[in-house]
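1. Okay, predicted coordinates and the sequence, questions at the end:
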Amino acid sequence: MQTLVAYVENKPGVLNRVSSLARRLAINIDSLTVGPTDNPQIARMTIVAHTDEKGGHRLEASLEKLVDVLLAENISERSLLERDLALIKVLADQQSRPHLMELIKVFRARVVDVAPESLIIEVSGTVDKIDGLLEVLRPFGVLEMARSGRISMTRGGDLLRPPGAPMASVEPANVT
C-alpha cells in the first residue's frame with residue numbers, strides 16, 4: 001500500500017481526472033478521500049493505492065503533471081497518523097444490548113442512533129481497529145456499514161502545504 005496526499009484545485013472534474021490517471025497506470029485505489037482545506041479554492045486528497053513503492057512514485061509523478069494538482073507527495077515512508085471513520089448498523093435486541101454496549105466501550109466507539117431492533121455505532125481510528133470492531137459485531141448481525149476512507153497526516157513538524165499557502169502560526173492558543 002502507498003499513501004499519497006494531493007492538494008488540488010477545488011473544482012468539478014478534478015476527482016475524475018485523478019481516478020482516471022490511476023486507472024491508466026493500472027493502479028487500484030483502495031481509498032480516496034477528498035475534503036476542503038482552509039482555502040475554499042483548494043481541496044486535499046488522501047489516496048491509498050494498492051501498489052508497490054515503484055507504482056507509488058509513478059502515481060506521484062503523474063499526479064504532479066495534472067494541471068489541477070498543486071502538490072502531490074507520496075508520504076508512505078514518513079511517520080503518519082492515519083484514521084478512518086465508520087458507521088455500523090447492528091442488530092440489537094434487548095438481550096444483546098448490554099453486551100454490545102460493553103464491546104462498544106472497549107473499542108472507544110459510540111452509539112449515535114438507537115432504534116427498537118438496532119443501533120448505529122460510530123467509530124474512528126486505524127483500519128485495524130475498525131476491522132476488529134466489525135469482527136466482534138458480526139455475530140450480532142451487521143445490517144449495514146459505511147466507511148469514510150483513510151485520511152492521513154504526517155506527524156510532528158513535517159508539513160505539506162500547497163505552493164503559496166501561508167505558513168501557519170505556531171503560537172499557543174489562549175486558554176482560560
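-> Looks like it came in fine. Residues are numbered from 1 along each chain as shown.

2. ok, now how distant is residue 46 from residue 29?
-> From residue 46 over to residue 29 the distance is 11 Å, taken as CB to CB, to the nearest Å. To be clear about C-beta, it is placed using only N, CA and C from the backbone, and glycine gets the same treatment.

3. Show me the chain divided up by domain.
-> With domains defined by automatic domain parsing, the chain comprises 2-78, 81-151.

4. pLDDT (mean, whole number) over the longest one?
-> When you say that, I think you mean domain 2-78. When pLDDT is averaged over domain 2-78, the result is 90.

5. Pull up the distance across that domain, start to finish.
-> 11 Å (CA to CA, to the nearest Å).

6. can you check stretch 70-84 too?
-> End to end - CA to CA - stretch 70-84 spans 25 Å.

7. residues in contact with it?
-> For stretch 70-84, contacts defined as CB atoms under 8 Å, 6 or more residues apart in numbering pick out 1-9, 31, 42, 53, 56-57, 59-60, 63-64, 124-127, 130, 147-156, 158, 160-163.

8. And it, how far out from the chain middle?
-> Between the mean C-alpha location of stretch 70-84 and the chain-wide mean there is a distance of 11 Å, by CA atoms, centre = their mean, to the nearest Å.

9. in that stretch, what counts as buried?
-> 70, 71, 72, 73, 74, 75, 76, 78, 82, 83, 84 (16 or more other CB atoms under 10 Å).

10. ranges for the strands of this protein?
-> According to DSSP state E, the chain carries its strands in the segments 2-9, 28-36, 42-50, 69-74, 80-91, 110-115, 118-125, 142-147, 151-154.
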